[in-house]
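In: with the input below, show me the fold.
(one chain, ligands or ions: 1)
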Amino acid sequence: MSRKTGIGIIGCGVVGSAVARLILDQGAELSARTGVTLELRHVLVRDLTKTRPLTLPAGILTANHADLLADDQTEIVVELAGGTNQAMAMMLAALHAGKDIVTANKALLALHGPELFAAARSAGRCIAFEAAIAGGTPLVEAVRRGLIANRIDAVYGILNGTCNYILTRMLQDNVGYAHALSEAQRLGYAEADPTLDVDGTDSAHKLALLASLAMQQRCDVQDIPVRGLGDIELADLIAGAELGYVCKLLAVAKRCPDGLDVSVQPTFIPRTHPLAGVLGPFNAVSVYGSVVGHTLFYGPGAGGMPTASAVIADLIDVAIGNARRTFQCIAVLPDQTGPATHRPPGENRMPWYIRLGLRDRPGGIGKVATVLGEQGISIATIVQHESFEADHDDAVPVVVTTRPAKEHALQRALSAMTDLDVVIGRPVWIPVLDKHSE
Ligand code: HSE
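Out: Numbers count the residues shown, from 1 in each chain. Predicted structure coming up:
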């Protein structure tokens, strides 16, 4: 016999409207498959007069938060409005009113997860958040339950669909950064404020959550060094391609003897690496487990329907009682584990890519090579293409890749390079993932 579960959704944007549409259009099919009938009872919005992509049955749309809280038949609140302050207050209110929570709000969980999870636990409720990491790819379920036999040693992920879409379009279709970003917004991949995507913050929110689950140490977002796409130009993507690399905004968490190494930064990965073939708005995460070995999770990381797919999975899991049992029994959430011990900054040893503008004068490359040598950094390749337009004082682009070197040494070399009279502007630097750093 089918069990009816009342649902209230907060937010009717790209994801909220996709979830409402799935419940309304595919509810019967879902019910036959799962034994749970999801009953859409409320959709909370700020502005009742706004035009929306779907028409809801009468009486469902409301601007009054109390409608959800006071309704005993609304058992699960789905928080899809985003943001942090108001979302936090709404989530706590829903927990106190005895509702379980399903959310895609990675920013909120990264910043206030321990407090929210603890509040849910003491209220005897649960928070399910499959949609908060890697969109429609069921990664949270895999890490929390499927890989429970493992000590997870490393996670390498492409966690932001918007950035991956931008990097893909720029190189493949030769479109500018601004055009690629506006397309990502039009297609519903970007956050309401796309700065969060392109400056790496969204990936850092997801990595904080993922690393906490995978490493079973609470990883706070403010401890993750983050670089976004800001410095990257088409020239870097093209130069990387010539060298056999693809640039990805890579989120990494790995156990090292001196602590947890976490970062979000643009990274060159070899064309043959499985993550190199992840294109457009797709996400992929490599997870290295002590028992299973290397696993790879791949799927759409952004967009209404893919994210709604993860939200619906959580709704069913909560409705049948699985989510609450997992939430209470499996102690891997960041309110249940101790704080992470982080590796001291600058200790990561990797090959590096450096692009600099050099005056076309004798001895320029020699000076750059000397600076690198003084820091104990060995050059792997050096490329300068003939520039027929450049006159004496124009910058000629030179691309250097190095053998593995510590980031400390690289930063000292970059700073000395910037002071050289032959170098114009600030060098661009990108780490390279090779078999030693992975
Ligand atoms: N803006 C996010 C992205 C959506 O582009 O990945 C999914 O979290």
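In: shaky segments in the stretch 1-150 of the chain?
Out: Residues of the stretch 1-150 of the chain meeting the criterion pLDDT under 70: 1.
In: get me the contact residues on it for the ligand.
Out: Gly135 (CB under 6 Å from any ligand atom). Quick note: C-beta positions are derived from backbone N, CA and C, even for glycine.
In: just the closest residue of the stretch 1-150 of the chain to the ligand, please.
Out: Gly135 (5.2 Å; CB to the nearest ligand atom).
In: just give the closest residue to that residue, not the sequence neighbours.
Out: Excluding the flanking residues, the one nearest Gly135 by CB to CB, 6 or more residues apart in numbering is Gly301, at 4.2 Å.
In: count the residues that sit near Pro427.
Out: Neighbours of Pro427 under the rule other CB atoms under 10 Å: 20.
In: quick one: it is in a strand?
Out: Yes - the assignment for Pro427 is a strand, going by DSSP: H, G, I helix; E, B strand; the rest coil.
In: was I right about Ala110 contacting His205?
Out: Yes - with contact defined as CB atoms under 8 Å, Ala110 reaches His205; the gap is 3.8 Å.
In: which neighbours do those two have in common?
Out: Residues touching both Ala110 and His205 by CB atoms under 8 Å, 6 or more residues apart in numbering: Val221.
In: secondary structure class for Ala93?
Out: Quick answer, by three-state DSSP: Ala93 is helix.
In: would you pull up the residue in the stretch 201-350 of the chain closest to the ligand?
Out: Counting by CB to the nearest ligand atom, the stretch 201-350 of the chain gets nearest to the ligand through Ala302 (3.7 Å).
In: how about that residue, phi and psi?
Out: phi -150, psi 170 (degrees, to the nearest 10).
In: what's the closest non-adjacent residue to it?
Out: Gly161 (3.0 Å).
In: hmm, who's touching stretch 75-87?
Out: Contacts of stretch 75-87 (CB under 8 Å, 6+ apart): 5-11, 13, 15-16, 19, 44, 68, 90-91, 94, 99-105, 107-108, 111-112, 191-192, 311, 315, 318-319.
In: repeat the analysis, applying 6 Å as the threshold.
Out: 5-11, 15-16, 91, 94, 99-105, 107-108, 111, 318 (CB atoms under 6 Å, 6 or more residues apart in numbering).
In: picking up where we left off before, pull the contacting residues for the residue of the stretch 201-350 of the chain closest to the ligand.
Out: Contacts of Ala302 (CB under 6 Å, 6+ apart): 135, 161, 189, 281.
In: shouldn't the last one be in contact with Gly188?
Out: Spelled out, that is Pro281. No - Pro281 is beyond contact range of Gly188, at 9.3 Å (criterion: CB atoms under 6 Å).
In: specify which residue of those two has the higher count of neighbours.
Out: Pro281 (24 against 21).
In: re earlier: look at the residue nearest to Ala302 and say how many residues are nearby.
Out: Residues near Gly161, counting by other CB under 10 Å: 27.
In: with that, I have no additional questions.
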